[in-house]
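S.K.: I would like the atomic coordinates for the input below:
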Amino acid sequence: MEVHCWKIGWMLAVCLAAAIGSGAALTCDWKGSGLAHGTTGHVTVVSLGCGAGRVQWRYPQGALRVALDPSDAFDFRACLRVEAGSRGARIFVETHRRLQLLWAEDDGLDAGRWRCFVSRGGAASLFLEAPGERADPLVRSGVSFEYDAQPTESDRLWDDLEDCRPCTDSEVLLSYCTSDFVVRGQITGVEHHDRLDRSALLLSASRVIRQTNDIFRTNGELTFGDAPAGDLSNHVSDRYRPAVQFADSAATADTAVRGRVYVPRHCGAHSGRAQYLLMGRHRLGVPMVTCSLAVDEWRRIRAAAERSATNECVLET
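M.R.: Model prediction:
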């Protein structure tokens, strides 16, 4: 859904054309050009109703306002991954009565670092602003980014340590049944990528219960410690190719399976000898852990769920 407006001052805009097609399917992606309207005072307004998608603004001119409204009921925390080589506009998030800078090509942060923010009232808006009239839009290749939003609890402020807290029993069961990957194994190595604000966990898997992409592979197919900076996840994002389902495969000594998954840097991950069950989802092309627990703890949760018939899928050990 798209609305075209002309800006009067910093945040006030007069909309001259309303969105069309009420009741249409939700829009996840948007692609457009700043040259389409031929004026630096123009503001293009886009409304996206999905929890994940991609925005491409070529030859930025004027401004682009992207309204994110993936849910009518929940607040959310969203993150952006701005594609390397993006240039020609800065990205702000609209907060209470002001704009907060999220990304600029000269902000000194790593190009692959996620830029995150929290919604207000179940919605949030991004504001992309191109340089003034003296800049030639043809020399600005454009800005492209992916976004991903996940629900939060509306009754409290977001705390980054929320990423690190243990999952409740009900969250473990839901994550087991719905995650992109579920694997049992040992964390044999950890690499901290401070510039990306993530830590990579190398898992030696005794059992791959589910994966929707080939992030867990045999020893000969996976490298660790020398992966190039642009390929830290060592897998192909499921956004760019059909997902492949691998289920319930046990590893042997001759065909050991390893994989790399990620947690936020501030969670202080470390390796050890214990066996863990790890679950997670692909987020912005990166397999992120959402729940992890010791195998003995998982057996307790599994047994309790089966006794009370609260399991919603088949629970393996």
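S.K.: Figure out the helix or strand that residue 172 lives in.
M.R.: Using DSSP states H and E, residue 172 maps to helix 169-178.
S.K.: I'd like to check which residues are in contact with residue 48.
M.R.: By C-beta atoms under 8 Å, 6 or more residues apart in numbering, the contact list for residue 48 reads 26-30, 55, 66-70, 147. Just so you know, the C-beta spots here come from the backbone N, C-alpha and C atoms, and that holds for glycine as well.
S.K.: hey, what's it bridged with?
M.R.: Beta-bridge pairing of residue 48 under DSSP bridges involves residue 68.
S.K.: roughly how far apart are it and residue 293?
M.R.: 34 Å (C-beta to C-beta, to the nearest Å).
S.K.: Same question for residue 178.
M.R.: 16 Å.
S.K.: Quick check: which element contains residue 301?
M.R.: helix 295-308.
S.K.: for that helix, packing partners?
M.R.: Here helix 295-308 touches helix 169-178, strand 276-283, going by 3 or more C-beta pairs under 8 Å, 6 or more residues apart in numbering; DSSP states H and E.
S.K.: before we move on, what SS does the closest residue to residue 284 other than its chain neighbours have?
M.R.: Leaving aside its sequence neighbours, residue 284 sits nearest to residue 81 (C-beta to C-beta, 6 or more residues apart in numbering; 4.2 Å). Under the three-state scheme (DSSP: H, G, I helix; E, B strand; the rest coil), residue 81 adopts strand.
S.K.: ok, and what's touching stretch 294-309?
M.R.: Looking at what lies outside stretch 294-309 - C-beta under 8 Å, 6+ apart - the contacts are 169, 172-173, 184, 274-277, 293, 311, 315, 317.
S.K.: Try it again at 10 Å.
M.R.: 166-170, 172-173, 176, 184-185, 206-207, 274-277, 279, 291-293, 310-312, 314-317 (C-beta atoms under 10 Å, 6 or more residues apart in numbering).
S.K.: Enumerate every residue touching residue 177.
M.R.: Counted by C-beta under 10 Å, 6+ apart, residue 177 has contacts 210, 279, 311-315.
S.K.: Repeat that for residue 101.
M.R.: Here residue 101 is in contact with 90-93, 107, 115 (C-beta under 10 Å, 6+ apart).
S.K.: at 7 Å instead, please
M.R.: Counting by C-beta atoms under 7 Å, 6 or more residues apart in numbering, residue 101 touches 90, 92.
S.K.: With residue 188 instead?
M.R.: Contacts of residue 188 by C-beta under 7 Å, 6+ apart are 202, 204, 271.
S.K.: can you count the residues close to the last one?
M.R.: Yep, that's residue 271 we're talking about. Residues lying near residue 271 (other C-beta atoms under 10 Å) number 13.
S.K.: shouldn't residue 187 be in contact with residue 273?
M.R.: No - with contact defined as C-beta atoms under 7 Å, residue 187 does not count as touching residue 273 (9.1 Å).
S.K.: Give me the more crowded residue out of the two.
M.R.: The neighbour count for residue 187 versus residue 273, taken as other C-beta under 10 Å, is higher for residue 187 (20 against 7).
S.K.: For the stretch 201-317 of the chain, which residues score under the pLDDT cut-off?
M.R.: Applying pLDDT under 70 to the stretch 201-317 of the chain picks out residues 219-255, 317.
S.K.: mind listing the strands for it?
M.R.: For the stretch 201-317 of the chain, the strands defined by DSSP state E, counting those that start in this stretch cover 216-218, 246-250, 257-264, 276-283, 286-294.
S.K.: Could you save the ones you listed as JSON lines and add columns showing distance to residue 196 and mean neighbour count?
M.R.: Shown next, in JSON lines, are the strands of the stretch 201-317 of the chain (distance: least, C-beta to C-beta, whole Å; neighbours: other C-beta atoms under 10 Å):
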{"stretch": "strand 216-218", "distance to residue 196": "21", "mean neighbour count": "18"}
{"stretch": "strand 246-250", "distance to residue 196": "27", "mean neighbour count": "13"}
{"stretch": "strand 257-264", "distance to residue 196": "9", "mean neighbour count": "22"}
{"stretch": "strand 276-283", "distance to residue 196": "13", "mean neighbour count": "22"}
{"stretch": "strand 286-294", "distance to residue 196": "9", "mean neighbour count": "21"}
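S.K.: Any chance of JSON lines for these, columns distance to residue 75?
M.R.: JSON lines is the format used below for those (distance: least, C-beta to C-beta, whole Å):
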{"stretch": "strand 216-218", "distance to residue 75": "33"}
{"stretch": "strand 246-250", "distance to residue 75": "34"}
{"stretch": "strand 257-264", "distance to residue 75": "19"}
{"stretch": "strand 276-283", "distance to residue 75": "18"}
{"stretch": "strand 286-294", "distance to residue 75": "18"}
